[in-house]
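**Student:** Any chance you could fold what I've pasted below:
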Amino acid sequence: MPTDIDVLVVGAGPTGLLAACELLRRGIRTRLIDRATTPMHVPKALSLWPRVLDILEDLGVADEVRDVSVPVRAFSYFSDRKPLASFTFTDDLAARQLPQPETERILTERLRSLGGKIERGVRLLALDDVDFSGRIDATDGVTAILEHGDGLVERVRAPFVIGADGAGSSVRGQLGIGFEGTTYEMAFALVDAHIEGYLPPDEIMYYQAPSGTLVIVPQPNGVHRFLSVMPDGGGEVSVPMMQALLDARGPRGVRITEPVWQTVFRVHARRAQEFRRGRVFLMGDAAHVHSPAGGQGMNNGLQDAHNLGWKLAAVIRGESPSTLLDSYGPERSESTRRIVRDTDIQTRAWMFNGPAQVLARDAAFRFLDRSHVVSRFYTPVMAGRRLSYAPERDTQRPARWSACRLRGRLPGGAKVGGTFPRRAALAAGAAGPETDPNRWVLALRAPADDGAWMREIGHIATRWPQLRVLRLPRGVVETGAFCGRQGYHLLRPDGHIAAHGHRDDLDRLEAELAAVLLSPSKR
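**Tutor:** Sure thing, here's the model as predicted:
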């Protein structure tokens, strides 16, 4: 069956939209479908953390996101209305709050500017020709059976399929992949509304009480989100019910007026057993769901899309071997495991109600507030600045790397698998909307008088035209984030450090390049 597409993306939420954008801007023919006939209008997800803002900046939409969103500069915790702790965020670590429909609108406009579109009212009925051996090269594609809104049934052949179709994923169901995890016993009530009175416009507040925790989150245009465990007796969420919780637990003098959205939901912590089967991939809520604590859900899905987009493009363009795609599942599954663990801890802390539990929790928060441990070590994790993927090969590290290993453990230190420090990447011209999204970057720390070493680097670079070589500016390498020795950092197209080595490690660099890139003679 002939095909005129390279990738079929099922699901046009934020994750599917970003996946399509990442593919289209790399020249990959992409088709995006969604069973919904209209865009979503409810503001489910809000938070966009700095690592995702980096991704959106490279896509060329970060300025618009900043214009229509609001920053969160502090998480403040209270116990029986008494101040307990406040964890502040510097500008480079602060999340921005933007209702999900606005995020989708911005991504949809970028999709259209790249020549893409959303085909709405189209649902996936079945997937044929899926290879269950796990090998990418076992087949040349997958057949998707689609149903249109007018009843037309269509068979589409696609080399690759991405399932970004939510927690009830049809793609995951077609693959027979389990969705392991748990569901919390309690239900949560949510009200988004305008208010009378004053609430900080740049602060998320956690009002903890033995009867439960009330979370208040700012949004653009004076709207605030009120989130709490449903009180005993359940029932329907309503403004009077949430006002009663606010009066009992929250700040005084605040009245909920015009509701924007209200709902009751249950929280799940689940992860797909596999993120890939053959040529079909899962991402976003189709691959993982977890507590809204910390606002990580949409960010995790967007990072799935960013991780897979460049890899698929490199394989389809014939620039990398198909084995590159094997890394998607392990990298994103491990990242998801850590997020599910952390959000579960936060969610269970919301539910402490015994005197001993409350006393221990409050003591822990006071210690964290005084010691600045959260600000120094954990806020960068929430911001995505500590996201790191485990190296697979020895060639990704220097032959002698004990000092580099220690530096990589320090806050802000560059480490193999981690993201290259953003400010350094921008200063060196290795990131930003003007950079080639398909390029690998070889960032060098080299003295000006070592011409022989630079010539060797030049000989290596001629074998891989996808590789861009640049010297790190002196002000960048002296920040303390980098190894103090002469050497290199090999950067993937997504900004993660694929390999690091010293002056005498060029044989390791060549071996690493051969593992991830195809030279023109081998295509």
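**Student:** Please make it C-alpha for all contacts and neighbour counts, starting now.
**Tutor:** Noted.
**Student:** Show the low-confidence segments of the stretch 351-500 of the chain, by residue range.
**Tutor:** Applying pLDDT under 70 to the stretch 351-500 of the chain flags residues 402-403, 405-412, 477-480.
**Student:** again, but for the chain
**Tutor:** For the chain, the ranges with pLDDT under 70 are 1-2, 233-234, 402-403, 405-412, 477-480, 521-523.
**Student:** for it, longest helix please?
**Tutor:** Ranked by residue count and defined by DSSP state H, the top helix of the chain is helix 328-350.
**Student:** May I see the buried residues of that helix?
**Tutor:** Neighbour-count burial for helix 328-350 flags 328-329, 331-333, 335-336, 339-340, 342-344, 347, 349-350 (criterion: 16 or more other Cα atoms under 10 Å).
**Student:** Contacts made by the following helix or strand past it with the rest, please.
**Tutor:** Downstream of helix 328-350, the next assigned helix or strand under DSSP states H and E is helix 355-371. Helix 355-371 is touched from outside by 79, 84-87, 210, 349, 352, 374, with contacts defined as Cα atoms under 8 Å, 6 or more residues apart in numbering.
**Student:** 7 Å instead?
**Tutor:** The contact list for helix 355-371 (Cα atoms under 7 Å, 6 or more residues apart in numbering) reads 84-87, 352, 374.
**Student:** do the same with stretch 310-326
**Tutor:** 22-23, 26, 28, 136, 438, 493, 516-518, 523.
**Student:** Go again with 6 Å.
**Tutor:** 516-518 (Cα atoms under 6 Å, 6 or more residues apart in numbering).
**Student:** And it, end to end?
**Tutor:** Taking Cα to Cα, to the nearest Å, stretch 310-326 runs 13 Å from one end to the other.
**Student:** mind listing what's buried in it?
**Tutor:** Buried residues in stretch 310-326, counted by 16+ other Cα under 10 Å: 310-316, 318-322, 324-325.
**Student:** One more: stretch 351-369?
**Tutor:** 351-353, 358, 361-362, 365, 368-369.
**Student:** Closest to D304 out of the residues you listed?
**Tutor:** D304 lies nearest to M351 out of the buried residues of stretch 351-369, by Cα to Cα, at 30.1 Å.
**Student:** which residues touch the closest one?
**Tutor:** By Cα under 6 Å, 6+ apart, the neighbours of M351 are G212.
**Student:** Can you tell me which of the buried residues of helix 328-350 lies closest to L175?
**Tutor:** Out of these, the member with the shortest distance to L175 (by Cα to Cα) is G329, at 14.9 Å.
**Student:** Could you double-check that that closest one sits in contact with A272?
**Tutor:** No - when contacts are counted by Cα atoms under 6 Å, G329 is not listed as touching A272 (10.1 Å).
**Student:** nearest to R279, of the contacts of stretch 310-326?
**Tutor:** V516 (18.6 Å).
**Student:** That closest one: how many residues sit nearby?
**Tutor:** The tally of other residues near V516 (other Cα atoms under 10 Å) stands at 19.
**Student:** so what's the backbone phi/psi at the nearest residue to it once chain neighbours are set aside?
**Tutor:** With Cα to Cα, 6 or more residues apart in numbering as the criterion, V516 has its nearest non-adjacent residue at 5.7 Å, and that residue is S320. Main-chain torsions, S320, degrees, to the nearest 10: phi -140, psi 150.
**Student:** repeat for V254
**Tutor:** The phi and psi values for V254, taken as degrees, to the nearest 10, are phi -110, psi 130.
**Student:** Could you find the closest non-adjacent residue to it?
**Tutor:** G197 (4.7 Å).
**Student:** With I457 as the reference, measure out to that neighbour.
**Tutor:** Counting by Cα to Cα, the gap from G197 to I457 is 63 Å.
**Student:** who's more crowded, the two?
**Tutor:** I457 (18 against 11).
**Student:** Next, the buried residues of the host helix or strand of that one.
**Tutor:** Using DSSP H and E, I457 sits in helix 451-463. Of the residues in helix 451-463, those buried by neighbour count under the rule 16+ other Cα under 10 Å are 457, 460-461, 463.
**Student:** can I get the residues you listed in TSV with distance to E185?
**Tutor:** Converted to TSV, these look like this (distance: Cα to Cα, whole Å):
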residue	distance to E185
I457	58
I460	58
A461	57
R463	58
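**Student:** Return the member of the residues you listed nearest to A45.
**Tutor:** A461 (43.1 Å).
**Student:** ok, now which ones touch the residue nearest to the closest one when sequence neighbours are not counted?
**Tutor:** In space, and not counting its chain neighbours, A461 is closest to L467: 6.2 Å by Cα to Cα, 6+ apart. Shown in contact with L467 (Cα under 6 Å, 6+ apart): 439-441.
**Student:** now the residues you listed in TSV, with neighbour count and distance to Q243?
**Tutor:** Listed next are the contacts of L467 as TSV, based on neighbours: other Cα atoms under 10 Å; distance: Cα to Cα, whole Å:
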residue	neighbour count	distance to Q243
R439	18	53
W440	23	54
V441	23	54
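**Student:** export these to TSV and tack on distance to R393 and secondary structure?
**Tutor:** As requested, the contacts of L467 are arranged in TSV below (distance: Cα to Cα, whole Å; DSSP: H, G, I helix; E, B strand; the rest coil):
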residue	distance to R393	secondary structure
R439	21	coil
W440	18	strand
V441	19	strand
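**Student:** Please name the bridge partners of S388.
**Tutor:** Beta-bridge pairing for S388 (DSSP bridges): G418.
**Student:** Any idea how many residues pack against it?
**Tutor:** 17.
**Student:** repeat for the one 4 residues further on
**Tutor:** Neighbour count for E392, taken as other Cα under 10 Å: 10.
**Student:** what do you get for the one 3 residues further on?
**Tutor:** Applying other Cα under 10 Å, we find 22 other residues in the vicinity of T395.
**Student:** does the nearest residue to it once chain neighbours are set aside sit in a helix, a strand or a coil?
**Tutor:** Leaving aside its chain neighbours, T395 sits nearest to R508 (5.0 Å; criterion: Cα to Cα, 6+ apart). Following DSSP: H, G, I helix; E, B strand; the rest coil, R508 is assigned to helix.
**Student:** neighbours of R508, just the number please.
**Tutor:** Neighbour tally, R508, other Cα under 10 Å: 20.
**Student:** Show me what the residue nearest to A461 is bridged to.
**Tutor:** For L467, the beta-bridge partners are W440 (DSSP bridges).
**Student:** Next: H224.
**Tutor:** With DSSP bridges as the rule, H224 is bridged to A193, P218.
**Student:** I figured it hits V215, correct?
**Tutor:** No - judged on Cα under 6 Å, H224 makes no contact with V215 at a distance of 10.0 Å.
**Student:** follow-up on the earlier one: how far out from the middle of the chain is the helix holding I457?
**Tutor:** Taking Cα atoms, centre = their mean, to the nearest Å, one finds the center of helix 451-463 at 35 Å from the center of the full chain.
**Student:** which residues are contacting that helix?
**Tutor:** S519.
**Student:** go again using 7 Å as the cut-off
**Tutor:** 467, 519.
**Student:** Check stretch 505-522 too.
**Tutor:** Stretch 505-522 is contacted from outside by 319-321, 324, 395-396, 398-399, 463-464, using Cα under 7 Å, 6+ apart.
**Student:** Out of the residues you listed, the closest to G295 would be?
**Tutor:** For these, the nearest to G295 is L324 (30.1 Å; Cα to Cα).
**Student:** Could you look up the SS state of the nearest residue to H288 once chain neighbours are set aside?
**Tutor:** Computed as Cα to Cα, 6+ apart, the closest residue to H288 that is not its neighbour in sequence is R271, at 4.3 Å. For R271, the assignment made with three-state DSSP gives strand.
**Student:** cool, and A498?
**Tutor:** Here A498 is recorded as strand under three-state DSSP.
**Student:** Now do the contacts for it.
**Tutor:** A498 makes contact with 396, 416-417, 490-492, according to Cα under 7 Å, 6+ apart.
**Student:** now with 10 Å?
**Tutor:** With contact set as Cα atoms under 10 Å, 6 or more residues apart in numbering, A498 has these partners: 389-392, 395-397, 415-420, 440-442, 489-492, 512-513, 516.
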